[in-house]
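Trainee: Coordinates only, no sequence provided:
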């Protein structure tokens, strides 16, 4: 939500009506004491410490340590604006308003907090918040992902599943590494500001970003196609399966057998499986090299 700046027109109830008209809300009435009466609490905010580089403000608030409203963006008159909160029986206590000041590129240049105590029966409040310039501008990096896998970053700060974010210095570089969950995902695809990274399998799991603005990286982990018995297909390899239910998540490169009770499979990391019926046993091959083929004249000569 974006809120344009308000202009005080004399008296708390007059300012309240101006805000309500500006936001196209239904105004309450003024009681005998000049205070507004209605279903909303209005906090009038006076911002100090603004500099020309600041082009917008991001506002958030907590009431007694809990989130009190959705984050909103303030443009226009940054020196004065209003925050509307629902007037509920529990809407009293310590309200802390936090502001992030954003430059023209959208990165944070300053910030500040201010507190006002909400009391039962009062609908209008005023507070003054002083911004403090940051030593360096900070750009927000947001990562969202879907499917089975995880995303980490260098430098550290991003380590999440579905969504996470971190603030990093303007002009710095960030390397994101996406790791599919081996038993559940076959590969990944990048989106958002990482869309130019090649999509495909694990060898394209890195996205590098230069932070000249806030960035949003998206990654989608592609699910494997698996049967109920534990066989999973690894496209496009014709025999690229693995058997997680039998103790290995290494990719299998080749399968050979004379019948359902004499089946051998080999693959990544020196994996050797001997299968009979509905069960397989992992055998030591004496190597960690990839085994790409298996051949034999019979079940006893492989």
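Mentor: Alright, I've got the coordinates. This is a predicted model, so every value here is computed, not measured. Numbering: from 1, shown residues only.
Trainee: Would you indicate which residues of the helix or strand hosting residue 177 are buried?
Mentor: When elements are assigned from DSSP states H and E, residue 177 belongs to strand 173-180. Within strand 173-180, the residues scored as buried using 16 or more other Cβ atoms under 10 Å are 174, 176, 178, 180. Yep, even glycine has a C-beta here, placed from its N, CA and C like the rest.
Trainee: Quick check: neighbours of it in the sheet, parallel or antiparallel?
Mentor: If you go by DSSP bridges, strand 173-180 pairs up with strand 149-154 (antiparallel), strand 206-210 (antiparallel).
Trainee: helix or strand right after that strand?
Mentor: Taking DSSP H and E, what comes next after strand 173-180 is strand 185-192.
Trainee: buried residues in that next one?
Mentor: Those would be 185-191, for strand 185-192 by 16+ other Cβ under 10 Å.
Trainee: Now do the SS call for residue 258.
Mentor: strand (DSSP: H, G, I helix; E, B strand; the rest coil).
Trainee: Give me the neighbour count for residue 128.
Mentor: 11 (other Cβ atoms under 10 Å).
Trainee: Stretch 191-204 spans what distance, first to last residue?
Mentor: One end of stretch 191-204 to the other measures 13 Å (Cα to Cα, to the nearest Å).
Trainee: no wait, stretch 73-87
Mentor: Span of stretch 73-87 from end to end, Cα to Cα: 22 Å.
Trainee: In it, which residues are buried?
Mentor: Those would be 74, 78, 80-85, 87, for stretch 73-87 by 16+ other Cβ under 10 Å.
Trainee: same deal with stretch 123-131?
Mentor: For stretch 123-131, using 16+ other Cβ under 10 Å, the buried residues are 123-125, 129, 131.
Trainee: could the buried residues of strand 185-192 go into JSON lines alongside distance to residue 111 and pLDDT?
Mentor: Below are the buried residues of strand 185-192 laid out as JSON lines (distance: Cβ to Cβ, whole Å; pLDDT from 0 to 100):
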{"residue": "185", "distance to residue 111": "38", "pLDDT": "77"}
{"residue": "186", "distance to residue 111": "43", "pLDDT": "69"}
{"residue": "187", "distance to residue 111": "40", "pLDDT": "74"}
{"residue": "188", "distance to residue 111": "35", "pLDDT": "80"}
{"residue": "189", "distance to residue 111": "35", "pLDDT": "84"}
{"residue": "190", "distance to residue 111": "31", "pLDDT": "87"}
{"residue": "191", "distance to residue 111": "30", "pLDDT": "89"}
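Trainee: how about these, which pair is most distant?
Mentor: 186 and 191 (17.2 Å; Cβ to Cβ).
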